[in-house]
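In: Pasted the sequence and its predicted model underneath.
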Amino acid sequence: MEKNIDRRTFLSYIGTGAAALAAASAGLGTLEGKASAMSPTADHLFGFGTNKVSGYFEPIEASKEDELILPRGFKYDVVAAFDDVINSAGEKFGQAADYNAFFPINGSNTRGLLATNHEYSLIFSIGPVKDGKLTKEQIEKDLYYQGMSVIEVFLDETGTWKMDTTSKYARRINGFTKFELTGPAKGITALNGATTVQGTFANCSGGVTLWNTVLSCEENFSETAESAGLPQTHYGWVIEVDPFDGTFLKKHTALGRFNHENTAMGIAKDGRVVVYMGDDKKDACVYKFVSKHKYEPSLGRGNSALLSEGTLYVANLKSGKWVPVTIEAVTKALDNEKFKNPAGVSGKREELQKKFQTQGDIVTYCHEAALILGGTPTDRPEDIEISPFDNTVFICHTNNDTHGNIHGHITRIFELDNDLGATEFDFEIFAAGGRQSGFSSPDNLAFDSNGNLWVVTDISTSSHNKGVYKSFMNNGLFVIPTIGQGKGVAMQFASAPKESELTGPFFTPNEQTLFLSIQHPGELTTDLAKPTGMWPHRKGDTIPRCGVVAISGFKLG
């Protein structure tokens, strides 16, 4: 299709979707023969009906520039960047900004709390590492600059988004923060009997709960834990934080321990809470957790207890079934004298039997348990989102070069009877990366209220503008309608600065603002005196700084 699209053409692509979504939300019909009436999903509680159009734009071309490029008519404000002071205590915004979640204050779309993940440390925060070993000071900085930032943001009278450093809520959550463990791994031998643990780090993506807290996912935690001399089993979990209450800090072990990318929360037909999760590494699985008890809106944050008890499932894509990952099932598999280790599982049968004694052991060594039970290894399942309109589930499989899946794809799961609590499903490849689609290596996802999927990409910095990645240039943000005439056709909305990726797209409820992280600009820098990029090009800066921007210019109608 043509890259240059006018307003009428763009609306023709998504207008069909708007009408269909309006009908669906009114209970008047189905979407593409698959959908039911709009169902609640935690990340997409829009502030108005679904018959609105969240703006239009003229798709941009791919770019190599060291700038965040947006379509004509849109602008961005840098609301926070690495090392900015965020509160009166002098705490500083972390490094490698990733997931964002906006929490309105008193229902406002122009003032709220922004929770941002910080995934890892770079040379800009810890300095050059000599002989591959961090000094004590570097370890402390490494732990400090990872984790999360909670900041207060507002739209001023000039139409500019800013950070309010006088906020009583603004704070850092990092590798020194104390967390309470919940669920089956609490206090078990594999966790050295711990009921509380020090810190969170390697925080990649996350999700919002139905009770207005944020879930954050610990992904590539091993290196930081090893450098700091911390137990590996204390990390790789999903944490829960209340942006408005600094005392509420939990790690939910029932959701499993692996290289967590994100969470997506919804409700099963019978009222139980469902959480979808991806394990971001090659040949890893897709999971979902279904709570034992039902969601009770009147309990508010008390519903957090639902994440302590339930059933963890792994997807078997060949059979189209969700397989319970339980101690009973693993014990039965290992008791079979003909048991053979599946790819990705090492150790003798007797060693595995000793390793898996309780459900706590199952969730702690979740990846191996899932493979033993027939979980399907996939191509780096990263962000997962539930469509707020038809309960289909979208999964970014970023790529897997060992299998020749160079550009990745987006999988769409159809749960049986559109029930998120179902144990059977079907699926399709909704969109494939490559020259034909204009994008490569899909990563994070977000929906708008018109059924469009906003997709950011994660081409490794070392591969930018090389080989088969040349045509994609820098990483970007793309819009893909999920229904209607333009279904599955990607249009580029943003191009990232040099050596960075765009992460954590999140709309305000009225969709007038899109928050977006610019992660690791100038990532290939090895000499602080010679940075390879300089975004955001602020006066006085001598290094590039990751950060969060607020994008505006959306028109509703």
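Out: It's in.

In: what residue ranges in the stretch 451-557 of the chain are flagged as low confidence?
Out: Where the stretch 451-557 of the chain drops to pLDDT under 70, the residues are 556-557.

In: can you give me the helices for the stretch 151-300 of the chain?
Out: 222-228 (DSSP state H, counting those that start in this stretch).

In: Tell me where it has strands.
Out: Under the criterion DSSP state E, counting those that start in this stretch, strands of the stretch 151-300 of the chain are mapped to 161-163, 171-173, 178-182, 196-198, 203-208, 214-218, 238-242, 245-252, 260-267, 272-279, 282-284, 286-294.

In: Can you list the neighbours in contact with the first one?
Out: For strand 161-163, contacts defined as Cβ atoms under 8 Å, 6 or more residues apart in numbering pick out 77, 79-80, 84, 86, 151-156, 513, 550, 552. Any C-beta I mention is one placed from the backbone N, CA and C, and that applies to glycine too.

In: Looking at the strands of the stretch 151-300 of the chain, spot the one closest to K498.
Out: For the strands of the stretch 151-300 of the chain, proximity to K498 was assessed by Cβ to Cβ; strand 203-208 is nearest, at 22.0 Å.

In: partners of that closest one, with directions?
Out: Note on strand 203-208: by DSSP bridges, its sheet partners are strand 214-218 (antiparallel).

In: Would you check that L514 makes contact with I551?
Out: Yes: judged on Cβ atoms under 8 Å, L514 makes contact with I551 at a distance of 4.4 Å.

In: Have a look at the two and say which one is more surrounded.
Out: Set side by side, L514 and I551 show more neighbours around L514, with 28 against 22, by other Cβ atoms under 10 Å.

In: Distance of that one relative to V208?
Out: According to Cβ to Cβ, to the nearest Å, L514 stands 16 Å off from V208.

In: what's the neighbour count on the nearest residue to F74 once chain neighbours are set aside?
Out: Using Cβ to Cβ, 6 or more residues apart in numbering and skipping the chain neighbours, the partner closest in space to F74 is G553 (3.5 Å). Residues lying near G553 (other Cβ under 10 Å) number 16.

In: Identify the residues contacting G553.
Out: By Cβ under 8 Å, 6+ apart, the residues touching G553 are G55, L70, G73, F74, K75.

In: top of those residues by neighbour count?
Out: Ranking the contacts of G553 using other Cβ under 10 Å puts G55 first, with 24 neighbours.

In: Show the pLDDT at that one.
Out: What the model reports as pLDDT for G55 is 61.

In: could the strands of the stretch 151-300 of the chain go into CSV alongside mean neighbour count, mean pLDDT and distance to D443?
Out: Below are the strands of the stretch 151-300 of the chain laid out as CSV (neighbours: other Cβ atoms under 10 Å; pLDDT from 0 to 100; distance: least, Cβ to Cβ, whole Å):
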stretch, mean neighbour count, mean pLDDT, distance to D443
strand 161-163, 21, 98, 24
strand 171-173, 22, 98, 23
strand 178-182, 17, 98, 26
strand 196-198, 17, 98, 28
strand 203-208, 27, 97, 8
strand 214-218, 28, 98, 13
strand 238-242, 25, 98, 18
strand 245-252, 17, 98, 23
strand 260-267, 28, 96, 9
strand 272-279, 26, 97, 10
strand 282-284, 19, 94, 15
strand 286-294, 21, 98, 15
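
In: Tell me which of the ones you listed approaches F447 most closely.
Out: In terms of Cβ to Cβ, the element of these nearest to F447 is strand 260-267, at 10.4 Å.

In: and that closest one with strand 245-252, angle?
Out: Going by axes from the mean of the first three to the mean of the last three Cα atoms, to 10 degrees, strand 260-267 is angled at 100 degrees with respect to strand 245-252.

In: Only alpha carbons, please: show strand 260-267 as PDB.
Out: Coordinates of each C-alpha in strand 260-267 appear next as PDB, following Å, rounded to 0.1, in the frame of the first residue of the first chain:
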ATOM      1  CA  HIS A 260       9.100 -12.500  32.200                       C
ATOM      2  CA  GLU A 261       8.300 -10.000  29.600                       C
ATOM      3  CA  ASN A 262       4.800  -8.700  30.500                       C
ATOM      4  CA  THR A 263       1.400  -9.500  31.900                       C
ATOM      5  CA  ALA A 264      -2.100  -9.100  30.400                       C
ATOM      6  CA  MET A 265      -5.000  -9.400  32.800                       C
ATOM      7  CA  GLY A 266      -8.600 -10.200  32.100                       C
ATOM      8  CA  ILE A 267     -11.600 -12.100  33.500                       C
END
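
In: Show me what that strand is packed against.
Out: If contacts are counted by 3 or more Cβ pairs under 8 Å, 6 or more residues apart in numbering; DSSP states H and E, strand 260-267 sits against strand 203-208, strand 214-218, strand 272-279, strand 381-386.

In: okay if I get the ones you listed as TSV plus distance to Y287?
Out: Listed next are the helices and strands packed on strand 260-267 as TSV, based on distance: least, Cβ to Cβ, whole Å:
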stretch	distance to Y287
strand 203-208	13
strand 214-218	12
strand 272-279	5
strand 381-386	9
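
In: and of the ones you listed, who's closest to M491?
Out: strand 381-386 (18.3 Å).

In: Quick check: mean pLDDT of the helix or strand that comes right after that closest one?
Out: Note on strand 381-386: by DSSP states H and E, the next helix or strand toward the C-terminus is strand 393-397. Regarding strand 393-397, the rounded mean pLDDT is 96.

In: How about residues contacting strand 393-397?
Out: With Cβ under 8 Å, 6+ apart as the criterion, strand 393-397 contacts 264, 276, 278, 286, 378-387, 405, 408-413, 415, 420, 430, 442-445, 453, 455, 482.
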